[in-house]
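Visitor: sequence and predicted structure are below.
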Amino acid sequence: KAGVTQTPRYLIKTRGQQVTLSCSPISGHRSVSWYQQTPGQGLQFLFEYFSETQRNKGNFPGRFSGRQFSNSRSEMNVSTLELGDSALYLCASSTRPRQGATDTQYFGPGTRLTVL
Amino acid sequence: EDQVTQSPEALRLQEGESSSLNCSYTVSGLRGLFWYRQDPGKGPEFLFTLYSAGEEKEKERLKATLTKKESFLHITAPKPEDSATYLCAVLFSGNTPLVFGKGTRLSVIA
C-alpha cells in the first residue's frame, strides 16, 4: 500500500506571498491531520479533516487554512507569509473514525517551506 | 494543559551501549501513547502504540514500556543506523489532538 505523499517537497517563498501544500493520504484513510515542525517548537498541530469537514483546529492564526476533498486528499494554505512560517509541514493520515479514536497516524515526508 | 516531556534532549552512545529514552506526561487520562522515529529531512516513522500501564512492545533492538506517568524506549545494543530523533506523542482523553514531545536526538557512534 502506498504511503502518505506530499507535494511539493520543497518551497521557497517571500514574505507576503501565499502558498498551497498538498497531501494524499493512504488509501482508505479518511482522516488527514496537518502539523508544523520547527526546531524550537517541535511538532505543533494545525488542523484535522475528516470526510471533508474540519474536525479539530490548533492554535494558529487564521492565515493558516485547509480543506479536504471527496477523495480524502487535503490541501493547506498559508496566506501573507511571514519569516516565522519557515518550517517543515507534515501531513498524517489515519482511519480515525471519530474524534479521540486511538488509530495510529502515519506521516508523509513533509514539505520544507522557506520564507525569505 | 496536557503536556509531554522527553528526556534527555540528546544522547550519544557507543555502538552496543544500551540505554533508555524517557517520555513523561501530565496525568489527565491517557488514551494512547505513540513512539515515532524521525530521520533528518523526513517525516516521522511509526514504531509503537501503547494503551495501558504495564504494556510492552518490542521491535528488533527497541522495546517500549508504559507506566501510569511515563513511557520508556529501551534500546539494546544499538547500531549506528539507530541514530535518529525519537518522538513520543500522547492522545489524552477528550477530543484533543495528539500532543508531541520535542524528541530525543540519538547518536550511535561506531
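Guide: Arrived safely, thanks for sending. Keep in mind that what you see is a predicted model, and the values were worked out from it rather than measured. Numbering: from 1, shown residues only, chains lettered A, B, ... in the order given.

Visitor: residue B:36 - nearest residue in space that isn't next to it in sequence?
Guide: residue B:44 (3.7 Å; CB to CB, 6 or more residues apart in numbering or on different chains). To be clear about C-beta, it is placed using only N, CA and C from the backbone, and glycine gets the same treatment.

Visitor: surely that neighbour meets residue B:37?
Guide: Yes: between residue B:44 and residue B:37 there is a contact under CB atoms under 8 Å: 6.9 Å.

Visitor: common neighbours of those two, please.
Guide: Residues touching both residue B:44 and residue B:37 by CB atoms under 8 Å, 6 or more residues apart in numbering or on different chains: residue B:87.

Visitor: so between these two, which is more surrounded?
Guide: residue B:44 (28 against 18; other CB atoms under 10 Å in any protein chain shown).

Visitor: so where's the chain shaky on pLDDT?
Guide: Went with chain A since none was named. A:97-101 (pLDDT under 70).

Visitor: could you do chain B instead?
Guide: Counting by pLDDT under 70, chain B contains low-confidence residues at B:1, B:27-28.

Visitor: if we can go back for a sec, quick one, what contacts the residue nearest to residue B:36?
Guide: Contacts of residue B:44 by CB under 8 Å, 6+ apart are A:43, A:90, A:107, B:36-38, B:87.

Visitor: reformat these as TSV; add secondary structure and distance to residue A:76.
Guide: Output for the contacts of residue B:44, formatted as TSV (DSSP: H, G, I helix; E, B strand; the rest coil; distance: CB to CB, whole Å):
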residue	secondary structure	distance to residue A:76
A:43	strand	15
A:90	strand	11
A:107	strand	14
B:36	strand	21
B:37	strand	24
B:38	strand	20
B:87	strand	21
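
Visitor: can you tell if the helix or strand containing residue B:72 touches chain A?
Guide: Using DSSP states H and E, the element containing residue B:72 is strand B:70-75. No: using CB under 8 Å from any CB of the partner chain, strand B:70-75 stays clear of chain A, coming no nearer than 14.7 Å.
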